[in-house]
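Peer 1: Return atomic coordinates for the entry below.
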Amino acid sequence: MVNSGHMFDDFGQTPPVSYTRPEGPAWVIGLCGDVELDLLEEVEAATEQALRSSHGPLLFDLREVGFCDSSLLNHLLLTSRRRQVALFAVGGTVQRLLEVTGAAQILPAYADLGAALTALSLPPAQGRP
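Peer 2: I've put the predicted structure just below:
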């Protein structure tokens, strides 16, 4: 699953995980599309892989997420009990969900990967801006 590209499943839906990779001491998981309960299994699998592969924080790239329901929010909150979690490039719809539910106090959101790494005092990986 590392660095997986956009592929379509049998129903024409784009899988919700666009990429997953190490970024210095952190692990980044890129999500895309509309992330709902019926697509959460792939997000859970990518998260478990990241938890096994890295001991650093998990950073979720939400720049390509158009919509998410409470299942993704619940997943992120549960994951934050196991490891430090941060979000970046959060769109308006997802940001409103975080604010309305109070999850924004638990799941910090940053403008981009660099801002997240800086806020968490993590050095960027070599060869990446």
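
Peer 1: Please, where are all the helices along this structure?
Peer 2: For the chain, the helices defined by DSSP state H occupy 40-53, 70-82, 92-101, 113-119.

Peer 1: Would you convert these into CSV that also reports mean neighbour count, mean pLDDT and distance to Ile29?
Peer 2: Glycine gets a C-beta too; all of them are placed from N, C-alpha and C. Formatted as CSV, the helices of the chain follow (neighbours: other CB atoms under 10 Å; pLDDT from 0 to 100; distance: least, CB to CB, whole Å):
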stretch, mean neighbour count, mean pLDDT, distance to Ile29
helix 40-53, 17, 97, 5
helix 70-82, 16, 97, 10
helix 92-101, 14, 95, 14
helix 113-119, 18, 95, 12
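
Peer 1: Now render the ones you listed as a markdown table, adding distance to Leu31.
Peer 2: As requested, the helices of the chain are exported to a markdown table (distance: least, CB to CB, whole Å):
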| stretch | distance to Leu31 |
| --- | --- |
| helix 40-53 | 7 |
| helix 70-82 | 8 |
| helix 92-101 | 10 |
| helix 113-119 | 14 |
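
Peer 1: show me the contacts for Leu87.
Peer 2: Leu87 sits next to 59-60, 62, 76, 98, 107-110, 116 when contact means CB atoms under 8 Å, 6 or more residues apart in numbering.
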